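1. Kindly return the folded structure for what I paste below:
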Amino acid sequence: MTTTYTSYRLITADLATSLKRVAEQPDVKRESAYYLSKIGSIKTIDAFFADSRLYNYAMKAHGLEDMAYAKAFMRKVLTEGIDSDDAFANKLSDSRYKDLVQSLNFARHGEAATSFDRAGQGVVDKYNRQTLEVNAGEENTGVRLALYFERMASSITSGYSIIADDAISQVVRTALQLPAEFVGTDVDRQAAYYEDVLDLEDFQDPVKVGKFLERFTAMWELDNPSGSYDPLTVFRSSSLTGISTDLLISINNLKLGGR
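-> Numbering: from 1, shown residues only. Sure, this is the predicted structure:
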């Protein structure tokens with residue numbers, strides 16, 4: 001069985017081809033064709049919610065499939081938009097909600113919201129990428145995490161943005177070999193630690209992100225030899241007990257590159 005890193009590299013070495021294969025899958029092709037044929041005629045938020053097939057497609061495209069049931073919540077996200085600092089989506093730590101608004105910005109553009117390419121092919125491209133990651137995760141959750149991190153790395157601007165995203169946090173903690181109990185420590189201490197041991201600007205550089213993911217996939221493989229782990233456990237949240245200050249200090253030697 002191929003390792004986590006090998007599987008990840010096989011997908012990303014020619015990402016365009018990998019995405020094309022996903023787009024040609026019969027179910028993906030069918031749903032994408034439906035979305036593109038209908039989205040341009042949607043002029044209001046009400047109409048968007050009324051077509052469950054369209055709505056579910058857009059939600060999955062933005063990684064929000066598990067929130068599709070929460071229509072009142074999602075209506076508030078779309079209704080308030082992102083132009084105001086007080087907008088609901090801007091108060092949420094999860095950037096996926098803002099991404100959805102950027103794709104379908106009814107609050108800013110009204111009836112013209114679906115006329116932009118980002119609302120049409122842009123959403124389809126996101127759907128294909130999400131499907132690629134999900135398919136990879138069925139074989140190896142570490143590969144799904146690596147693909148997700150690669151896509152989202154540029155959004156990491158602080159220690160808090162690592163903490164706010166469970167999957168990003170999982171990748172970083174695995175790469176740094178932090179104990180599971182670390183997530184139960186004070187949030188401010190977690191953020192400060194990440195900002196101390198990592199140069200967050202590195203995550204704006206695809207080459208440095210690739211190097212970081214080499215480390216992650218190697219560490220993941222040590223803890224989860226291919227074929228011997230439960231792929232559902234990583235994306236589950238859990239309540240963990242606290243960690244002592246002494247242990248926080250003791251893990252300081254995990255700085256990347258010996259920093």
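2. correct me, but residue 144 touches residue 137?
-> Yes - taking Cβ atoms under 8 Å as the definition, residue 144 is a contact partner of residue 137 at 3.1 Å. For every residue, glycine as well, the C-beta is placed using N, CA and C.
3. which residues of this structure score low on pLDDT?
-> Applying pLDDT under 70 to the chain flags residues 1, 226-259.
4. What separation do you get for the most centrally placed residue in it and residue 129?
-> Centroid check for the chain by Cα atoms, centre = their mean gives residue 148 as the closest residue, at 5.1 Å. According to Cβ to Cβ, to the nearest Å, residue 148 and residue 129 sit 9 Å apart.
5. if you go through the stretch 101-250 of the chain in chain order, where are the strands?
-> Secondary structure of the stretch 101-250 of the chain by DSSP state E, counting those that start in this stretch: no strands are present.
6. Would you map out the domains in the chain?
-> Domain segmentation of the chain under automatic domain parsing yields 4-125, 141-258.
7. Out of these, flag the one nearest residue 133.
-> Closest to residue 133 of the domains of the chain, according to Cβ to Cβ: domain 141-258, at 4.7 Å.
8. could the domains of the chain go into a markdown table alongside distance to residue 133?
-> Shown next, in a markdown table, are the domains of the chain (distance: least, Cβ to Cβ, whole Å):
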| stretch | distance to residue 133 |
| --- | --- |
| domain 4-125 | 8 |
| domain 141-258 | 5 |
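9. how close does residue 195 sit to residue 159?
-> On the measure of Cβ to Cβ, residue 195 and residue 159 end up 4 Å apart.
10. Neighbour count for the two, which is higher?
-> Each of residue 195 and residue 159 has its neighbours counted (other Cβ atoms under 10 Å); residue 159 has more, 22 against 14.
11. got the contact list for that one?
-> Contacts were defined as Cβ atoms under 8 Å, 6 or more residues apart in numbering; by that measure residue 159 touches 190-195, 200.
12. need the helices for the stretch 51-200 of the chain, in chain order.
-> Remark: helices assigned in the stretch 51-200 of the chain by DSSP state H, counting those that start in this stretch are 52-61, 71-80, 88-91, 96-103, 106-109, 121-139, 141-152, 159-163, 166-175, 187-197.
13. and those helices as TSV, adding distance to residue 45?
-> Converted to TSV, those look like this (distance: least, Cβ to Cβ, whole Å):
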stretch	distance to residue 45
helix 52-61	10
helix 71-80	5
helix 88-91	13
helix 96-103	11
helix 106-109	5
helix 121-139	15
helix 141-152	26
helix 159-163	28
helix 166-175	28
helix 187-197	34
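14. Of those, which is nearest residue 208?
-> Residue 208 sits nearest to helix 141-152 of all the helices of the stretch 51-200 of the chain, at 11.5 Å, using Cβ to Cβ.
15. What is the closest one packed up against?
-> helix 4-12, helix 121-139, helix 166-175, helix 206-223 (3 or more Cβ pairs under 8 Å, 6 or more residues apart in numbering; DSSP states H and E).
16. could I get these as a markdown table with distance to residue 72 and mean neighbour count?
-> Below are the helices and strands packed on helix 141-152 laid out as a markdown table (distance: least, Cβ to Cβ, whole Å; neighbours: other Cβ atoms under 10 Å):
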| stretch | distance to residue 72 | mean neighbour count |
| --- | --- | --- |
| helix 4-12 | 37 | 19 |
| helix 121-139 | 22 | 19 |
| helix 166-175 | 23 | 20 |
| helix 206-223 | 37 | 17 |
